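In: here's a sequence, model it:
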Amino acid sequence: MFLGIFQPYADASDGRRLCWKICMVNACVWVLWQIPALQRFMMSSFTHHPLSGKCVTMLTCVFSHKSFWHLLLNCMALDGFGSTASYFLSKSYEEEAQKSHLRPRYPEAAIDYHFLAFFISAGLFSSLVGHIVDVKLMYPRAIARAMSEAVKQASANRVLPETWSAAVRAHPSPAPSVKPKTITPTILPGLGASGAIYSCMVVCALAFPDATVAFFIPPGLTLNIRTGVSLVVLLDVIGVIRGWRFFAHWVHLGGALFGYLTYHYDPKIWRDVYTYVFTLEERSRTRR
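Out: Prediction:
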């Protein structure tokens, strides 16, 4: 029984083990979401709202899932795409190291740190993209709508406000009611590892173009990985154009962009960073 439970873990690659550990962290955060007394804390600390003034939540929200199905689907995707992406990162570093004659002087001790750095960076980058879009695009639109409604009301009274604050004061409802009705529904707090998983998907599609993927819904449907990932990204592009708000489409596209950049530039950047660190270490040893 012991071997039956732990043997799959022992046989798994380092990258897949790390993906399982990330899923365990996500599951622990999901458990905290189920505690009613912690709802206010979880909302303020494990979701990212662009208007909150917090930066750390761009990281914590990556490991946060409030819905069980959201958690399950992301963990299943991370197990498949994440472990494959970690394999690519490891092999690509070895190829770059051989080209520059770094091995065996600068071997990569473990893929864990490389993939963890990639996963966290992808999550932060996708969160930042969503943050910038909300602050620079969505929020001004919300203010413009509030001002437009106030201008219409003021025009009826033949009083035209000169500023948006004057427009809000001229609104027939009190100013506090304008905010939740007009601005809050447009800018919602975000959470989930979808952005980082999109990065893994794009890396896998570019690194292994002949692979196939099986979809959970509908069951039994298999597609070429590039076709499948392209369709998913296209769906997010349509969502952005149509203004859909059910999914964080900008976050997904930010993750896809980071995956594209990772595939093309990560091997060389990681090799250069690795070389620089080991060079500093050798210099410090020489001085001693």
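
In: how close does the closest residue to Gly123 other than its chain neighbours sit to His48?
Out: Of all residues not flanking Gly123 in the chain, Val62 sits nearest, at 3.4 Å (CB to CB, 6 or more residues apart in numbering). Any C-beta I mention is one placed from the backbone N, CA and C, and that applies to glycine too. Distance, Val62 to His48, by CB to CB, to the nearest Å: 9 Å.

In: so those two - more neighbours on which side?
Out: The residue with more neighbours, out of Val62 and His48, is Val62; 29 against 25, by other CB atoms under 10 Å.

In: show the contacting residues for that one.
Out: 120, 123-124, 127, 192-193, 195-196 (CB atoms under 8 Å, 6 or more residues apart in numbering).

In: switch to 7 Å and redo it
Out: 123, 127, 193, 196 (CB atoms under 7 Å, 6 or more residues apart in numbering).

In: what about the residues you listed, which are in helices?
Out: Judged by DSSP state H, the contacts of Val62 include 123, 127, 196 as members of helices.

In: highest neighbour count among the residues you listed?
Out: In terms of neighbours by other CB under 10 Å, the ones in helices among the contacts of Val62 top out with Ala196 at 31 neighbours.

In: returning to what we had before: which residues do Val62 and His48 both contact?
Out: Ser127.

In: show me the shaky parts of the stretch 101-250 of the chain.
Out: Scanning the stretch 101-250 of the chain for pLDDT under 70 picks out the ranges 101-110, 150, 154-186, 216-218.

In: burial of the residue nearest to Val25 when sequence neighbours are not counted, as a residue count?
Out: Nearest residue to Val25 in three dimensions, chain neighbours excluded: Phe63, at 5.4 Å (CB to CB, 6+ apart). Residues lying near Phe63 (other CB under 10 Å) number 21.

In: so what's Phe63 up against?
Out: Contact analysis of Phe63 by CB under 7 Å, 6+ apart lists 25-26, 29, 193.

In: now do 6 Å
Out: 25-26, 29 (CB atoms under 6 Å, 6 or more residues apart in numbering).

In: gap between it and Ile269?
Out: Phe63 is 25 Å from Ile269, where distance means CB to CB.
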